[in-house]
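Trainee: Here is my input; please provide its structure:
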Amino acid sequence: MIVNPIKTLRVLPGQKDLEKFLDDNLKALEENSIIAITSKVVSLCEGRVAAMDSDKEKLVKSEAELYFPAEHNRYRHHFTIARKTILGSSGIDESNGGGNFVLLPDDVQESANRARRHLQAGHGLKNLGVIITDSTSLPMRLGAVGTCLAYSGFMPVNDYRHTMDLFGREFQLEQANIIEGLAAAATLAMGEGAEQTPLCVISDFPLVHFRDSDPTHEELDGIYLSLSEDLFSSFFNNGEWQKGGRGKL
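Mentor: Got it, this is the predicted structure:
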């Protein structure tokens, strides 16, 4: 897999639309490529910002699908579910916003679909994927990693169920989340600071299965699990922890 970050000029709110930004910075694309775009640059192109003197807590609550009260966290950190993703503070960011709070794109899936269709048409490509990335934190791990907020143009999961492993054992549960792996790789290459590389071209990755269409509502419902059916539902719903046999964490 080749992951190539693209350096751009600084982007200011509403300075240019997303299609213009992509055209200015992606001059040549090849078949079977995936374009990663940070959600922040999408939001800046779409003018999704709020003044820095706005009430951030109200913004967090208004932008969240669900939020966990900050007073229950030792760091007073707002855990939220926004765009069907666990994010801090509804994805609202103060960095690299030119003195503004940068909100998430209003309809991040439509932004991904629109970007894919525009790039496909402009470069005459059949197989092209787009992901829009953000950063999140993982339990029991220091630092941020990339996550996918929206994708278009390829299958999000490779399903290994009912195939055989190296020793003839049938896989029962295994499904590889392609979009999250690509988002993590792209975000690592693009950086989290002042690198000024909010675009990334991923190529030479044969495990991606491309398709010339946007994901359907049924497919999106399949990849984004509800809290009740999620594998980690017990963690979401049970706050009473007991010490195990190996002692303190």
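
Trainee: and the closest residue to Pro215 other than its chain neighbours, how many residues sit next to it?
Mentor: Spatial nearest neighbour of Pro215, chain neighbours left out: Ser152 (6.4 Å); criterion: C-beta to C-beta, 6 or more residues apart in numbering. Placement of C-beta: from N, CA and C, glycine included. A total of 26 residues lie near Ser152 under the criterion other C-beta atoms under 10 Å.

Trainee: elements contacting the helix ranked longest in the chain?
Mentor: Longest helix of the chain, by residue count under DSSP state H: helix 108-123. If you count contacts as 3 or more C-beta pairs under 8 Å, 6 or more residues apart in numbering; DSSP states H and E, helix 108-123 packs onto helix 18-25, strand 33-38, helix 39-46, strand 128-137, strand 144-152.

Trainee: Give me the next element, helix or strand, following the third one.
Mentor: For helix 39-46, the following helix or strand on the C-terminal side (DSSP states H and E) is strand 49-51.

Trainee: thinking again about what came up before, against Leu66, how distant is the residue nearest to Pro215?
Mentor: 25 Å (C-beta to C-beta, to the nearest Å).

Trainee: Could you do Leu128 as well?
Mentor: Counting by C-beta to C-beta - Leu128 and Leu66 are separated by 33 Å.

Trainee: Likewise for Pro156?
Mentor: As judged by C-beta to C-beta, Pro156 and Leu66 stand 22 Å apart.

Trainee: higher neighbour count, the two?
Mentor: Set Pro156 next to Leu66 and count neighbours by other C-beta under 10 Å: Pro156 wins out with 24 against 11.

Trainee: right, and that one touches Ile178 too?
Mentor: Yes - with contacts counted by C-beta atoms under 8 Å, Pro156 reaches Ile178, the gap being 5.8 Å.

Trainee: quick one: secondary structure of Asn4?
Mentor: The three-state assignment at Asn4 reads strand, by DSSP: H, G, I helix; E, B strand; the rest coil.
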